[in-house]
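dropping a prediction and its sequence here:
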Amino acid sequence: MTIVDYGCSQGRNSMIPMRKAIELLRLNAGATVPIEVIHTDLPSNDFSSLFEALIADPDSYMTGTADVFPLAIGKSYFAPLLPPGRVHLGWSTWALQWMSTNEIEAADHVLAGMSRSPAVAAAVAAQQARDWECFLTQRSREMRPGAKLVAGFTARAEADTGWEWLLGELWSAIGDMRKDGLLSQREQEQITIPIGLRSLEDIQAPFRPSGYFTELALEHLDLVKVSDPFWPECDSSGDRVTFTKHHANATRAWSGPTIASITPRALERTTFVDELFARFEHRLTKDPRPHEPYMAAVVLSKKDR
């Protein structure tokens, strides 16, 4: 049986979910059924860390299991990844908010999906609609009849996203660098992370009016406000430094490579990113607060013929 982890990154967030998935499949198909777990991400992904985690991470799903075979594919999930009818269960978290193109620039924010420009907002919405339909089409081809795919990705409520404080401070840190002559205004505008924030209505759109899209049904959809894992300790101890360092490091982990790739050519990439996130961390210490982003929780199922 086949489980696929779409957008695996370094894999550490996948270990416990993959173990649960293995247990679930074996509960239904038999305790000894061989299972392959296929991790997918872009070719530039740190797959070495993924395979090291499979061996050394205390939560590794390989620990204490037999006949489980991990594999990896370095390719975008907007393209075909596997032969038709291969997948029994799909999984993806914190990945589907990324757009397939970085051509959209936002002059007023570091995140494309948080721009207040009507033109940028319209471009992001159109691109995300195309990307969502593309992802659904590719996954439907790969899923077996009766297969399911569980996904959680950044979304937005009607009035807010939950990212206002954290990414607002990152954009302000970029602005500080421009004021200090380290960036031109044009260079600042070019630093745009290609992420959008879908609403629940956006996610539902391809499934109207029939309830299906490319033989997939939207079985479950919910908007979840994710609690800040670092805030309780900061709130009780008052340790702003540790709290903000956690958030600065976490933000750099997912945004740093993209920011480095669009750093002005006149600047050394590592030096620029180091300076930016040092300023970002300093800004966070001034007014720390819980970071509670919204996540869309989605379950898709393939028609069982």
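Okay, I see it. Residues are numbered from 1 along each chain as shown.

now for the closest residue to residue 106 other than its chain neighbours, how many residues are close by?
With sequence-adjacent residues excluded and distances taken as C-beta to C-beta, 6 or more residues apart in numbering, residue 106 is closest to residue 115, at 3.7 Å. The C-beta positions use only the backbone N, C-alpha and C, and glycine is treated the same way. For residue 115, the count of nearby residues is 21 (other C-beta atoms under 10 Å).

neighbours of the spatially closest residue to residue 83 that is not a sequence neighbour, how many?
Distances taken as C-beta to C-beta, 6+ apart place residue 142 nearest to residue 83, at 7.4 Å, with adjacent residues excluded. By other C-beta under 10 Å, 20 other residues sit near residue 142.

and what of residue 107?
Residue 107: 14 neighbours (other C-beta under 10 Å).

who's in contact with the longest strand seen in the chain?
Longest strand in the chain, counting residues (DSSP state E): strand 143-154. Strand 143-154 has contacts (C-beta atoms under 8 Å, 6 or more residues apart in numbering) with 6, 85-97, 139, 161, 163, 195, 197-198, 216, 219, 224, 293-305.

direction included, what does it pair up with?
strand 87-93 (parallel), strand 294-302 (antiparallel) (DSSP bridges).

next, the buried residues of it.
143, 144, 147, 148, 149, 150, 151, 152, 153, 154 (16 or more other C-beta atoms under 10 Å).

quick check: the fourth one vs residue 39, distance?
What that stands for is residue 148. Distance of residue 148 to residue 39, given as C-beta to C-beta, to the nearest Å: 18 Å.

the least confident helix or strand in the chain by mean pLDDT: how far from the chain's middle?
Of all the helices and strands that make up the chain, helix 185-190 has the lowest average by mean pLDDT, DSSP states H and E, namely a mean of 90. In this view, helix 185-190 has its centroid 25 Å away from the chain centroid, taken as C-alpha atoms, centre = their mean, to the nearest Å.

for it, packing partners?
Counting contacts by 3 or more C-beta pairs under 8 Å, 6 or more residues apart in numbering; DSSP states H and E, helix 185-190 packs against helix 164-179.

go ahead and name everything in contact with the helix it packs on.
So helix 164-179 is in contact with 109-111, 114, 183-185, 187-188, 191, 247, 251, 255, 275-277, 279-280, 283-284, 289, 291, going by C-beta under 8 Å, 6+ apart.

ok, now stretch 110-123?
Contacts for stretch 110-123 (C-beta under 8 Å, 6+ apart): 97, 99, 104-109, 124, 128, 156, 161, 163-164, 167, 170-171, 174, 191-197, 255.

what's the ChimeraX syntax to select whichever of those residues are buried?
Only the buried entries of the contacts of stretch 110-123 go into this ChimeraX selection, using 16+ other C-beta under 10 Å:
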select :97,99,104,105,106,109,124,128,156,161,163,167,170,171,174,191,192,193,194,195,196,197,255
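
count the residues that sit near residue 43.
9.

if we ignore the residues flanking it in sequence, what's nearest it?
residue 74 (4.0 Å).

next up, phi/psi of the one you found, please.
phi -100, psi 90 (degrees, to the nearest 10).

and what of the one 10 residues further on?
Residue 84 has phi and psi values of phi -60, psi 140 when expressed as degrees, to the nearest 10.

which residues touch it?
Residue 84 touches 141, 142, counting by C-beta under 8 Å, 6+ apart.

and the pLDDT at it?
Note on residue 84: pLDDT of 97.

ok, now residue 270?
For residue 270, pLDDT reads 85.

how about residue 147: what's its closest non-neighbour residue?
Excluding the flanking residues, the one nearest residue 147 by C-beta to C-beta, 6+ apart is residue 302, at 4.7 Å.

so what's that neighbour bridging to?
Going by DSSP bridges, residue 302 is paired in beta bridges with residue 216.
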